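1. quick check, what structure comes out for this input:
(one chain, ligands or ions: 1)
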Amino acid sequence: MIDNYTHISNNIIYIVESIPGPKEQSQEYEEIIDNFNSQLTNHCLCEQYCLKNKCQCLGTSDSFNYVLYNQDKYLLQLDLENGQFCTNPIIECNDLCSCSNECGNRVVQKGPMEGLIVKKCSDEMKGFGLFTESHIPRGMFVCEYAGEIITKSEANKRHQINAVEGKMNYIFCLQEHSKDRMFQYFIDPSRFGNIGRYINHSCEPNCCIIPIRVNTPIPKLAIFSSSDIVPNTEITFNYGCFKGDKILENTSRTKCLCKSKNCMRWLPYHFY
Ligand SMILES: C[S@@+](CC[C@H](N)C(=O)[O-])C[C@H]1O[C@@H](n2cnc3c(N)ncnc32)[C@H](O)[C@@H]1O
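-> Residues are numbered from 1 along each chain as shown. Just a heads-up that it's a prediction; the model follows:
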């Protein structure tokens with residue numbers, strides 16, 4: 001993966017992809033390590049480009065995951081019936097696939113888009129934010145939200161420490177539902193992270209997070225534009241994208257400064 005970005009602060013270590021958090025004696029941690037080190041067995045035998053209905057990787061969704069935009073740029077496929085992004089699980093072609101590196105089912109694995117910059121937000125309380133210098137069409141892969149993959153108990157511990165020390169919270173919890181099971185992944189880019197760690201919340205965001213699998217069973221938290229974005233705009237997503245988020249007014253909560261018309265006033269709060 002190519003990623004030419006760096007951090008503005010020397011205290012944060014730049015990683016291009018998520019890595020396991022510090023060693024722990026727990027079954028949950030062992031599962032993280034097992035999954036991190038395993039290769040998805042699913043792979044295709046396509047020649048050069050993958051074809052719908054023939055490709056094993058696309059076989060899990062009944063359409064292409066991405067559509068060609070221009071040259072070698074691809075956009076996330078929209079569900080034509082409702083105009084939303086498809087919610088099928090997305091698996092990209094991987095190291096075991098026989099298709100070429102130019103196959104259109106390889107997007108997130110190629111790294112973040114160019115033209116992203118980190119700068120102070122006009123509202124100082126928000127700290128830094130991620131901005132785009134170029135136009136972004138709807139459905140474009142912006143970057144991953146990469147950090148340490150940690151257990152639920154480590155996430156809770158770090159969350160409490162952040163609250164006591166008045167530090168910003170960077171932990172993102174992804175919940176995936178499969179039949180009657182629920183899977184949770186906790187990603188913390190506060191110490192080890194990529195450019196995605198600077199993305200602020202908005203109640204009317206221009207991006208969304210979509211879990212995408214490449215080589216391993218652990219999904220990448222991929223940030224895609226959910227609308228066309230003009231140059232010099234701040235990149236945002238809604239931090240509270242799952243049921244169970246409570247919009248309670250509470251003095252310990254962070255006031256939302258997104259300034260959107262439908263602002264919910266507080267940052268979403270997850271009970272893990
Ligand atoms: C993932 S970080 C985003 C980058 C961060 N602003 C920085 O300076 O590094 C999340 C933290 O940024 C701040 N933040 C993000 N969105 C915000 C918003 N809409 N209003 C106020 N603070 C926000 C909160 O402190 C939150 O815990």
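2. residue 77 and residue 66 touch, don't they?
-> Yes. The pair residue 77 / residue 66 is scored as a contact, 6.1 Å apart, by Cβ atoms under 8 Å. For every residue, glycine as well, the C-beta is placed using N, CA and C.
3. of those two, which one has the most company?
-> residue 66 (22 against 17; other Cβ atoms under 10 Å).
4. helix or strand for residue 208, which one?
-> According to DSSP states H and E, residue 208 maps onto strand 207-213.
5. what's the first helix or strand after that strand?
-> Going down the chain from strand 207-213, the next helix or strand is strand 220-225, by DSSP H and E.
6. and that next one, what does it pack against?
-> strand 141-144, strand 207-213 (3 or more Cβ pairs under 8 Å, 6 or more residues apart in numbering; DSSP states H and E).
7. to the chain's geometric centre, what's the distance from the longest one?
-> The chain centroid and the centroid of strand 207-213 are separated by 5 Å under Cα atoms, centre = their mean, to the nearest Å.
8. also the first one?
-> Averaging C-alpha coordinates over strand 141-144 and over its chain gives two centres that are 7 Å apart (Cα atoms, centre = their mean).
9. quick one: strands adjacent to that strand?
-> Using DSSP bridges, the strands paired with strand 141-144 are strand 220-225 (antiparallel).
10. quick one: the partner strand near the ligand?
-> No. Applying Cβ under 6 Å from any ligand atom, one finds strand 220-225 separated from the ligand by no less than 11.5 Å.
11. so what touches the next helix or strand after that strand?
-> Using DSSP H and E, the helix or strand that directly follows strand 220-225 along the chain is strand 233-234. Outside strand 233-234, the residues that touch it by Cβ atoms under 8 Å, 6 or more residues apart in numbering are 121, 129-132, 200, 202, 206.
12. how distant is the following helix or strand past strand 233-234 from the center of its chain?
-> Under the assignment DSSP H and E, the closest C-terminal helix or strand after strand 233-234 is strand 236-237. With Cα atoms, centre = their mean as the basis, strand 236-237 stands 11 Å off its chain's centre.
13. stretch 18-37 too?
-> Relative to the centre of its chain, stretch 18-37 is centred 19 Å away, using Cα atoms, centre = their mean.
14. identify all contacting residues around it.
-> Residues outside stretch 18-37 that contact it (Cβ under 8 Å, 6+ apart): 144, 146-154, 187-188, 192, 216-218, 220-221.
15. how far does stretch 103-111 sit from the chain's center?
-> Put simply, stretch 103-111 sits 15 Å off its chain's centre (Cα atoms, centre = their mean).
16. now that stretch - C-alpha only, CSV.
-> Only the C-alpha atoms of stretch 103-111 are listed here, as CSV (Å, rounded to 0.1, in the frame of the first residue of the first chain):
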residue,chain,number,x,y,z
CYS,A,103,-8.6,-5.3,-11.4
GLY,A,104,-11.4,-2.9,-10.4
ASN,A,105,-12.0,-4.8,-7.2
ARG,A,106,-8.8,-3.4,-5.7
VAL,A,107,-9.4,0.1,-4.3
VAL,A,108,-8.9,0.4,-0.5
GLN,A,109,-5.8,-1.7,-0.7
LYS,A,110,-4.2,0.9,-3.0
GLY,A,111,-4.1,3.5,-0.2
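17. now, which of the contacts of strand 233-234 sits nearest the ligand?
-> residue 200 (3.4 Å; Cβ to the nearest ligand atom).
18. quick one, phi/psi of the closest residue to the closest one other than its chain neighbours?
-> Excluding its sequence neighbours, the residue lying closest to residue 200 (Cβ to Cβ, 6 or more residues apart in numbering) is residue 129, at 4.9 Å. Main-chain dihedrals, residue 129, degrees, to the nearest 10: phi -140, psi 170.
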